[in-house]
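J.: curious how this folds, go ahead:
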Amino acid sequence: MKKFYLTGIALTFAAMAFGQQPARNPSPAGAAPTIKEEPAARTPTGPTRTIVPESTVVTNHTVTIKGKAVPYKATAGTLPVWDEDGKAIAGLFYTYYERSDVQNRENRPLVISFNGGPGSASVWMHIAYTGPVVLNIDDEGYPVQPYGYKDNSASILDIADIVYIDPVNTGYSRATSKDVPTNKFFGVRADIKYLAEWINTFVTRNNRWASPKFLIGESYGTTRVSGLALELQSNQWMYLNGVILVSPTELGIERGTVMEAALRLPYFAATAWYHKMLPGDLQGKKLTDMLPEVENFTINELIPAISKGGFLAAAEKQKIAAKMARYSGISEKVILQNNLDVSTNLFWKELLREKGYTVGRLDSRYKGIDKADAGEGPDYNAELTSWLHSFTPAINMYIRNELNYKTDLKYNMFGPVHPWDNSGDRTGENLRAAMAQNPYLHLLVQSGYYDGACDYFNAKYNLWQMDPSGKLKDRMSWEGYESGHMMYLRKPDLAMGNDHIREFIQKALPKPGTPAKF
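T.: Model prediction:
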């Protein structure tokens, strides 16, 4: 059974009516003043759909995890983003879960969670992976009705507290004014900078400086948390115990045209295996027994062949194309027509073209139907529309009905954040530097074999290139799952993925008194 009560907000509605903004540390003691929150903010002219930069609603719940009851407190609210002058320029919506039968939080891990996009809310991992509730879907991740959510018996809340954060323009997070420059938020470096400042405020307000801290990011969120690892360390003087990358991007690590073309093949093979498009000898093997053969071919034969470009001998080109066809389920003719460089877009269209289907980008287990079988790419992302189908009702119901947070703002599953400044993305190197400087810092990477946007073999390549010295590899680990971008949507991988995170967190906690040194 849940209980709830309202705590204050540090921005009074009277102040809102006169256009005032909360100042940072407005009281001598540095504590935020509190007042009772009303059901909806109103100005003299009527209801508004503007952000309240600071608000909290607290509710109490219990979830059963691995057969044991875990009581917890949920705080849903907003907390300001401050500019250089201490003025609130945005309010970030967050949901913070604390196990309530733990008295001493000095040893209690804190997991700070982001999703990606950029422009995506934290909804995905919040109500489908690590949080205390999980949305209603079937065992493979497809929508079912009635929509809704249930307890997540696999949640990591038994061993760690968790905060889910929505960056500006995602979820309920917004800038305080249209006059706030968007370049404060919408770019690789800007995003990392303001979120690091916000995390500092959150950790300070919630007295979590002593807690072991972990960042987890999915998709573009992996770019974000990789950069945050160094930003927090260098400019907030906040040191982490671990970073978890779920379906990582390229992290600013250069590929070049040759590597981009070659590294896709193992993903093609995994997807073709799933759809039973491979020759019998390959199809008869387990996925994880078949893929090493494809990976070896990619590294030892395909990369050298593509590197030769137009000077590759015709006979050798034919031989390479034949092997690519064998491993990808795509015809040798199509591969030769594309000079051994088959794009993912073409693959999603081509693999099941003769059967009248496309395959999904983020999870290639999903099938779509195009207007015409002809073409160079799918009409739409079959997996994404399926996910929005089930996630959107669930998060809106959950926040309002279970967490009792009520606002007229629209919850942006995806929000307007473009143009996005991608310059200066050295986040893979940022993460390497943070690990080199912090002996406590560990890394876990989780990848779905059927993810075509952030594929598993490129995730492995990230690890190889991040640590060319090999001196950090003992603190790096990689796990693969027989699902896609959001591997946790498949029921067996929901449990397995959370267990891997649980094990990672426990491994990354040093024994009391162990010094941080090499």
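
J.: which stretch of helix or strand covers Lys73?
T.: Here Lys73, judged by DSSP states H and E, is contained in strand 68-82.

J.: next helix or strand past that strand?
T.: Scanning the chain past strand 68-82 towards its C-terminal end, the next helix or strand to appear is strand 88-99 (assignment: DSSP H and E).

J.: that next one packs against which elements?
T.: Using 3 or more Cβ pairs under 8 Å, 6 or more residues apart in numbering; DSSP states H and E as the contact criterion, the secondary-structure elements in contact with strand 88-99 are strand 68-82, strand 161-165, strand 174-175, helix 188-205. No exception for glycine: its C-beta is placed from N, CA and C like everyone else's.

J.: the second one vs strand 88-99, what angle?
T.: Using axes from the mean of the first three to the mean of the last three Cα atoms, to 10 degrees, the inter-axis angle of strand 161-165 relative to strand 88-99 is 150 degrees.

J.: do the same with the last one
T.: Between the axes of helix 188-205 and strand 88-99, defined by the same axes, to 10 degrees, the angle is 60 degrees.

J.: partner strands of the helix or strand just after helix 188-205 and their direction?
T.: Moving toward the C-terminus from helix 188-205, the next helix or strand (DSSP H and E) is strand 213-218. Strand 213-218 sits in its sheet next to strand 110-114 (parallel), strand 242-246 (parallel), going by DSSP bridges.

J.: just how off-centre is stretch 347-364 within its chain?
T.: Offset of stretch 347-364 from its chain centre (Cα atoms, centre = their mean, to the nearest Å): 24 Å.

J.: kindly report the same for stretch 124-131.
T.: Averaged over its C-alpha atoms, stretch 124-131 has a centre that lies 10 Å from its chain's centre (Cα atoms, centre = their mean).

J.: give me the mean pLDDT for it.
T.: The pLDDT scores in stretch 124-131 average 98.

J.: end to end on it, go ahead and measure it.
T.: End-to-end distance for stretch 124-131: 10 Å, by Cα to Cα, to the nearest Å.

J.: what's the answer for stretch 233-246, then?
T.: End-to-end distance of stretch 233-246 (Cα to Cα): 21 Å.

J.: list the buried ones in it?
T.: Neighbour counts using 16 or more other Cβ atoms under 10 Å place 233, 238-246 of stretch 233-246 among the buried residues.

J.: cool, and stretch 468-488?
T.: Of the residues in stretch 468-488, 472, 475-488 count as buried by neighbour count, 16+ other Cβ under 10 Å.

J.: contacting residues around Gly415?
T.: Contacts here follow Cβ atoms under 8 Å, 6 or more residues apart in numbering; on that basis Gly415 touches 119, 121, 168-171.

J.: closest one to Asn339 out of these, please.
T.: Distance to Asn339 across the contacts of Gly415 (Cβ to Cβ) is lowest for Gly119, with 34.0 Å.

J.: returning to that earlier point: name the nearest of the buried residues of stretch 468-488 relative to Phe457.
T.: Comparing every one of the buried residues of stretch 468-488 with Phe457 (Cβ to Cβ), the shortest separation belongs to Gly480, at 9.8 Å.

J.: picking that back up, dump the helices and strands packed on strand 88-99 into JSON lines; add distance to Pro492 and mean pLDDT as well.
T.: Formatted as JSON lines, the entries for these read as follows, by distance: least, Cβ to Cβ, whole Å; pLDDT from 0 to 100:
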{"stretch": "strand 68-82", "distance to Pro492": "21", "mean pLDDT": "98"}
{"stretch": "strand 161-165", "distance to Pro492": "22", "mean pLDDT": "98"}
{"stretch": "strand 174-175", "distance to Pro492": "38", "mean pLDDT": "97"}
{"stretch": "helix 188-205", "distance to Pro492": "33", "mean pLDDT": "98"}
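
J.: go through these and name the closest to Thr385.
T.: Smallest distance to Thr385 across the helices and strands packed on strand 88-99 (Cβ to Cβ): 23.2 Å, for strand 161-165.

J.: I'd guess His61 is in a strand, am I close?
T.: Yes: His61: assigned to a strand according to DSSP: H, G, I helix; E, B strand; the rest coil.

J.: beta partners of it?
T.: Tyr72.

J.: same deal with Ile137?
T.: Pro143.

J.: one step back: Thr62: which of the strands paired with strand 213-218 is closest?
T.: With distances scored as Cβ to Cβ, the stretch of those nearest to Thr62 is strand 110-114 (19.7 Å).

J.: what are the buried residues along that closest one?
T.: Across strand 110-114, burial judged by 16+ other Cβ under 10 Å covers 110-114.

J.: just give the nearest non-adjacent residue to the most centrally placed residue in the chain, would you?
T.: A centroid search over the chain (Cα atoms, centre = their mean) returns Glu218, at 1.6 Å, as the residue closest to the centre. Once flanking residues are discounted, Glu218 sits nearest to Val246: 4.0 Å by Cβ to Cβ, 6 or more residues apart in numbering.

J.: before we move on, back to that, which of the buried residues of stretch 233-246 sits closest to Thr223?
T.: After measuring these against Thr223 - Cβ to Cβ - the closest member comes out as Leu245, at 9.3 Å.

J.: Asn107 contacts Asp161, correct?
T.: No: taking contact to mean Cβ atoms under 8 Å, the distance of 11.6 Å between Asn107 and Asp161 leaves them out of contact.

J.: tell me which of these two has more neighbours.
T.: Higher neighbour count among Asn107 and Asp161: Asp161, with 22 against 11, using other Cβ atoms under 10 Å.

J.: in the sheet, who's paired with the residue nearest to the more buried one when sequence neighbours are not counted?
T.: Of all residues not flanking Asp161 in the chain, Glu98 sits nearest, at 4.7 Å (Cβ to Cβ, 6+ apart). With DSSP bridges applied, the residues forming beta bridges to Glu98 are Lys73.

J.: so Glu98 is in contact with Val163, correct?
T.: No: using Cβ under 8 Å, Glu98 makes no contact with Val163, being 9.2 Å away.

J.: could I get the full set of helices for the stretch 251-400 of the chain?
T.: Under the criterion DSSP state H, counting those that start in this stretch, the stretch 251-400 of the chain contains helices at 256-262, 265-274, 280-283, 287-297, 303-307, 314-328, 332-337, 344-350, 382-397.

J.: quick one: list the elements packing against the fifth one.
T.: So that's helix 303-307. With contacts defined as 3+ Cβ pairs under 8 Å, 6+ apart, helix 303-307 has these neighbours: helix 256-262, helix 314-328.

J.: for the longest one, same thing?
T.: Under the contact criterion of 3+ Cβ pairs under 8 Å, 6+ apart, helix 382-397 touches helix 123-126, strand 133-135.

J.: which of those sits most buried?
T.: Using mean count of other Cβ atoms under 10 Å, the stretch among these with the greatest mean number of neighbours is helix 123-126 (a mean of 26).

J.: give the contact list for Arg365.
T.: Under the criterion of Cβ under 8 Å, 6+ apart, the contact partners of Arg365 comprise 140, 274, 359, 383, 450, 483-484.
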